[in-house]
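Quick one: sequence plus predicted model below, questions after.
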Amino acid sequence: DAGITQSPRHKVTETGTPVTLRCHQTENHRYMYWYRQDPGHGLRLIHYSYGVKDTDKGEVSDGYSVSRSKTEDFLLTLESATSSQTSVYFCAISESKIGQAYQPQHFGDGTRLSIL
Amino acid sequence: RKEVEQDPGPFNVPEGATVAFNCTYSNSASQSFFWYRQDCRKEPKLLMSVYSSGNEDGRFTAQLNRASQYISLLIRDSKLSDSATYLCVVIRHGGGNKLTFGTGTQLKVEL
């Protein structure tokens, strides 16, 4: 399995509090991603990073910010958590393209976040 | 219309059966294709990439039809352990290395 560790694995918190989720990789992959998964929606990209300090928004980025100060760590922050952000959050990593071939992503175990 | 669409199922099949799933994608610029497997409350895991000429990995066969914009996954001799949700994934040309996921097709293999 790819060396990806997400922390915490479970968290329950209250509306309005800040929350930070951490993704740590030991593969030295360039790309890192944060997704959320909700019933009926599948996996949706929140933010991604293509290098240290290089990040970009995904399709559901509102209410989330990210930071990547080291290759191995990608942090997802909910500045003021809302109940709509209750979800399962997955981190993923991938290598750069090889020629024209995109490389598949490998996922961490997920973080179950409940906002009450 | 969703960019990637799958029949959610569930597909209930007996052990040993052959089952096939289709997935359609709407963006003709889609360039790379994958099937992932996700067990209940677990992370998605790469099952196989899908190549233009079709490819096989043991009991699993993937096909790509660019003209009709769909990919398929065929599972032969189904095992109980194949019970899972199968996610169709595409990457668009020019979209960076960003995956677009279908919502998944649930397979239940029964005795």
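Yep, that arrived.

how about the strands in chain B?
B:4-6, B:11-14, B:19-25, B:30-38, B:45-50, B:55-57, B:60-65, B:70-75, B:84-92, B:99-101, B:105-110 (DSSP state E).

Low-confidence regions, chain B specifically.
B:93-97 (pLDDT under 70).

what pairs with the strand ranked longest in chain A, and is each one parallel or antiparallel?
In chain A, assigned by DSSP E, the strand with the most residues is strand A:42-51. Counting by DSSP bridges, the strands paired with strand A:42-51 are strand A:31-38 (antiparallel), strand A:54-57 (antiparallel).

These: which one's closest to B:Glu15?
For the strands paired with strand A:42-51, distance to B:Glu15 was read as C-beta to C-beta. The smallest value, 28.7 Å, belongs to strand A:31-38. For glycine as for every other residue, the C-beta is placed from the backbone atoms N, C-alpha and C.

Need the contact partners of the closest one.
Strand A:31-38 is contacted from outside by A:21, A:23, A:25, A:43-50, A:58, A:60, A:64, A:66, A:68, A:74, A:76, A:85, A:87-96, A:105, A:110, B:97-99, using C-beta atoms under 8 Å, 6 or more residues apart in numbering or on different chains.

Pull the number of nearby residues for the residue nearest to A:Gly58 when sequence neighbours are not counted.
Ranked by C-beta to C-beta, 6 or more residues apart in numbering or on different chains and with sequence neighbours excluded, the top spatial neighbour of A:Gly58 is A:Leu45, at 3.1 Å. As a burial measure, A:Leu45 scores 20 neighbours (other C-beta atoms under 10 Å in any protein chain shown).

what sits up against the longest strand of chain A?
So strand A:42-51 is contacted by A:30-38, A:55-61, A:64-66, A:68, A:71, A:74, A:76, A:89-90, B:44, B:87, B:96-99, B:101-104 (C-beta under 8 Å, 6+ apart).

can you pull the buried residues of stretch B:49-67?
Applying a neighbour-count criterion of 16 or more other C-beta atoms under 10 Å in any protein chain shown, one finds B:49-50, B:60-64 buried in stretch B:49-67.

With stretch A:73-88 instead?
So, applying 16+ other C-beta under 10 Å, buried residues of stretch A:73-88: A:74-76, A:78, A:81, A:85-88.

ditto for stretch B:15-27
For stretch B:15-27, by 16+ other C-beta under 10 Å, it's B:19, B:21-25.

Same check on stretch B:29-39?
Neighbour count says stretch B:29-39 has B:30, B:32-38 buried, by 16+ other C-beta under 10 Å.

Include distance to chain A when you put those residues into a markdown table, please.
What follows is these, written out as a markdown table (distance: C-beta to the nearest C-beta, whole Å):
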| residue | distance to chain A |
| --- | --- |
| B:Ser30 | 11 |
| B:Ser32 | 4 |
| B:Phe33 | 10 |
| B:Phe34 | 5 |
| B:Trp35 | 10 |
| B:Tyr36 | 8 |
| B:Arg37 | 11 |
| B:Gln38 | 9 |
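
so what's the most centrally placed residue in chain A bridging to?
Nearest residue to the geometric centre of chain A (C-alpha atoms, centre = their mean): A:Trp34, 2.2 Å. A:Trp34 has these beta-bridge partners by DSSP bridges: A:His47, A:Cys91.

Could you check the pLDDT of it?
At A:Trp34, the pLDDT value in this model is 96.

A:Gly42 too?
A:Gly42 carries a pLDDT value of 83.

Neighbours of it, how many?
Neighbours of A:Gly42 (other C-beta under 10 Å): 23.

In contact with A:Leu75, which residues?
A:Leu75 sits next to A:20-23, A:66-68 when contact means C-beta under 8 Å, 6+ apart.

No more questions from me, cheers.
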